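Colleague: Okay, predicted coordinates and the sequence, questions at the end:
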Amino acid sequence: MCLRRELKEALERQAATTEVLRVISTSPGELDPVFHAVLANAKRILQAELGMLWLADGDGFRAAALHGVPSDLARMRQREKVFRFDPEVPLGRLVRTKQLDHVVDARKEPGYIKGLEPFKEFVDVFGARTFVLVPMLQDDALVGVIAIYRKEVRPFTDKQIALVQSFAAQAVIAIESTRLLNELRERTTDLTESLEQQTATSEVLSVISSSPGRLESVFRSMLENAVRICQAKFGFMLRYDDDAYHTVAELCDVPAYIEEMRRGPLRPHAESALGRVAKSKEFAQISDITAHRLYTERDPIFVAGAELGGMRTIAAVPMLKDQQLIGAITIFRKEVRPFTDKQIGLLQNFAAQAVIAIENTRLLKELRERTEQLEIRSQEIAKLNQQLEQRVTDQVGEIERMSRLRRFLPPQVADLIVASGTERQLESHRREITALFCDLRGFTGFSESADPEDVIALLREYHAAIGEIIIKYSGTLERYAGDGVMVVFNDPVPVENPALQAVLMALEMREAIGVLIEKWRDIGHELGFGIGIAHGFATLGTIGFEGRFDYAAIGTVSNVASRLCDEAKPGQILISPRVRQAVEKTVTVEPVGEFALKGLRRPMLTYNVLEALPSKPG
């Protein structure tokens, strides 16, 4: 009966762990579902009444999640409120120790005996008697605490506490994954916004270069791109002379306001956006014109903008030539939402281009009025315009090429091509390389018997560990499929001693994966790790089709590395004779005999790498 109960409890713990991992995998970037699943499963398995998850904030905590907590206590979940606890109560003590704290009877705690609040209230009013506090640690830094409470004096078992510790580790992984995902989203948003702005700039430059002397189309293109990219409602282009503005182009769907803007010279108040531009020759923005003093005082231009145009937020940038104001671009929103620095920067860029367009038009007019000699100069300017258009086209093409390369090729290959400005490195070529192949022993059996979620989680952990090491040693990731990974050295980035680089990387891989194997063994996964390394010539280049290219190394050296990996026992790093010759003064090896490898006519004498020799003082 005892054995059946233990088996049932083990299954319940495993099911709870699986449920938490499922929530983590299905809720990328969302922490609330993960925290809820952690507390709900921990409270259920530990037969407790209350569960809290605290996140560290300086020397205090914020209540991030509560489960089974009475409404009177739910007030603690105020995300911006930081609670700081006395060092003599368990949570305050944990800030200093960062150690698990199992309190069997809260009424015997020094903080309770001394009557420290709110700890005493928590024990007497809400009935918390036995509880366990499990720290959430990342690189020895306290990230948070999972707290599980019982309303009776009944200690938790070691297995129950171990389950909460497992949940704490999973919660830390979820927090870090969310942080990385948010960073990726922000970076993607920034890159998308930058690409949109650069594309808009390229379009305007193209219009300028293809429409010499036709300012209407240039101004229209500028306003259309400015309004679209800056998420505005409408915009105006104004000329400035004789201390007044004159509307020369507009993008607006309110005829009455267009008529008002074109009625005559505009002499705005000095405190308005256009008035500040005229005075300071710098960018000006008003977040809400209906809250501005000039609107309250019924300034005609302010009233027309708000009541005819429906505008609320306005931004204006100067058009300067030789530090003299010659005009302005102004855009509006119908809601209160200030424009960002990047949007203002784009608007300032358009203003500079408008000045260039105006100046080009003036020069073109002069050229047309001059003699044949000046007409030759006009042709030169046209040629310059064509060069400018080609430059814009080339820049857009380069951006697209860089995006494609970084998406489908290994980082070293993409970076090298971008730096060199040519894709010649992608063409088929032959080079002497070192190839390393590694995989997990027993992975096939594990993947057939384990839950898919466990397989995916293990692969993520495995790939993350070896991925960092590959980058550290400047290896080129040729491919990976499941647990099998192929890395090459000396192409496309030259390496002085590629064999040594591969062996040193393999040693670090073996150590790192060894730690993971011990961890996996503790949870019942019997896996091993083997590596094969060979050195020789291979043909390298891109394979695939448009839209999906891979960088591949084809030749006997790749096959030998793969075959050596197949022969390697768990923990072995099998190397070919050529690799041994290159590293014999740096590492210790042992012969393991000859292997008849598929594809080779004669058996190959093979060596196992034991360890790196200590470096001699310089």
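Modeller: Arrived safely, thanks for sending. Just so we're clear, the structure is a prediction, and the values are computed from it rather than from any experiment.

Colleague: Are we agreed that residue 460 is in a helix?
Modeller: Yes: in this structure, residue 460 lies within a helix as judged by DSSP: H, G, I helix; E, B strand; the rest coil.

Colleague: Could you pull out the buried residues of the strand or helix carrying residue 328?
Modeller: For residue 328, the host element (DSSP states H and E) is strand 324-333. Across strand 324-333, burial judged by 16 or more other C-beta atoms under 10 Å covers 325, 326, 327, 328, 329, 330, 331, 332, 333. For glycine as for every other residue, the C-beta is placed from the backbone atoms N, C-alpha and C.

Colleague: Thought residue 277 was touching the first one, still the case?
Modeller: Yes: counting by C-beta atoms under 8 Å, a contact exists between residue 325 and residue 277, whose distance comes to 7.4 Å.

Colleague: quick one, phi psi at residue 67?
Modeller: Torsion angles at residue 67 (phi, psi; degrees, to the nearest 10) stand at phi -150, psi 130.

Colleague: Now do it, the pLDDT please.
Modeller: pLDDT for residue 67: 82.

Colleague: what comes into contact with stretch 117-129?
Modeller: With C-beta atoms under 8 Å, 6 or more residues apart in numbering as the test, stretch 117-129 has contacts from 49-50, 70, 72-73, 85-86, 89-90, 105-107, 109, 111-112, 149-153.

Colleague: and those residues, which are buried?
Modeller: By neighbour count, with 16+ other C-beta under 10 Å, those hold 49, 50, 73, 85, 89, 90, 106, 109, 111, 112, 149, 150 as buried.

Colleague: Quick check: the gap between the second one and residue 42.
Modeller: Going back to what we said before, that points to residue 50. Distance of residue 50 to residue 42, given as C-beta to C-beta, to the nearest Å: 11 Å.

Colleague: Mind listing the shared neighbours of the two?
Modeller: Shared contacts of residue 50 and residue 42, defined by C-beta under 8 Å, 6+ apart, comprise residue 148.

Colleague: three-state assignment of residue 520?
Modeller: Look at residue 520: counting by three-state DSSP, its state is helix.

Colleague: and it, what does it touch?
Modeller: Shown in contact with residue 520 (C-beta under 8 Å, 6+ apart): 458, 527.

Colleague: let's see 10 Å
Modeller: 440, 446, 454, 458, 461, 462, 513, 526, 527 (C-beta atoms under 10 Å, 6 or more residues apart in numbering).

Colleague: Let me know the closest of these to residue 159.
Modeller: Closest to residue 159 out of the contacts of residue 520 is residue 454 (19.5 Å), distances taken as C-beta to C-beta.

Colleague: what helix or strand does that closest one sit in?
Modeller: Element membership for residue 454, per DSSP H and E: helix 452-472.

Colleague: Next secondary structure after that helix?
Modeller: For helix 452-472, the following helix or strand on the C-terminal side (DSSP H and E) is strand 476-481.

Colleague: sec struct for residue 112, please.
Modeller: Following three-state DSSP, residue 112 is assigned to helix.

Colleague: Could I have the buried ones of the contacts of residue 520 as PyMOL selection syntax?
Modeller: The PyMOL selection below is limited to those of these classed as buried (16+ other C-beta under 10 Å):
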select buried, resi 440+446+454+458+462+513+527
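
Colleague: Adding distance to residue 125 and pLDDT, write the contacts of residue 520 out as a markdown table.
Modeller: Formatted as a markdown table, those follow (distance: C-beta to C-beta, whole Å; pLDDT from 0 to 100):
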| residue | distance to residue 125 | pLDDT |
| --- | --- | --- |
| 440 | 53 | 94 |
| 446 | 50 | 91 |
| 454 | 42 | 90 |
| 458 | 45 | 93 |
| 461 | 43 | 93 |
| 462 | 49 | 94 |
| 513 | 51 | 95 |
| 526 | 50 | 91 |
| 527 | 50 | 94 |
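
Colleague: and the contacts of residue 520, which two are the farthest apart?
Modeller: Longest span within those, C-beta to C-beta: 454 and 513, 17.2 Å.

Colleague: Tell me where the stretch 301-450 of the chain has strands.
Modeller: Per DSSP state E, counting those that start in this stretch, the stretch 301-450 of the chain carries strands over the ranges 313-321, 324-333, 429-441.

Colleague: Same check on the stretch 51-200 of the chain?
Modeller: Here the stretch 51-200 of the chain has its strands, by DSSP E, counting those that start in this stretch, at 60-67, 101-103, 130-138, 141-150.

Colleague: Identify whichever of those strands lies nearest to residue 180.
Modeller: Using C-beta to C-beta, the strands of the stretch 51-200 of the chain put strand 130-138 closest to residue 180, at 12.4 Å.

Colleague: and the angle from the longest strand seen in the chain to helix 452-472?
Modeller: Taking DSSP state E as the criterion, the chain has its longest strand at strand 528-545. Counting by axes from the mean of the first three to the mean of the last three C-alpha atoms, to 10 degrees, strand 528-545 points 80 degrees away from the direction of helix 452-472.

Colleague: Report the buried residues of strand 528-545.
Modeller: Neighbour-count burial for strand 528-545, counted by 16+ other C-beta under 10 Å, picks out 528-536, 538, 540-542.

Colleague: same check, this time on stretch 43-50
Modeller: So stretch 43-50, judged by 16+ other C-beta under 10 Å, has buried residues 43, 45, 46, 48, 49, 50.

Colleague: Ok, stretch 501-521 next?
Modeller: So, applying 16+ other C-beta under 10 Å, buried residues of stretch 501-521: 501-510, 512-513, 516-517, 520.
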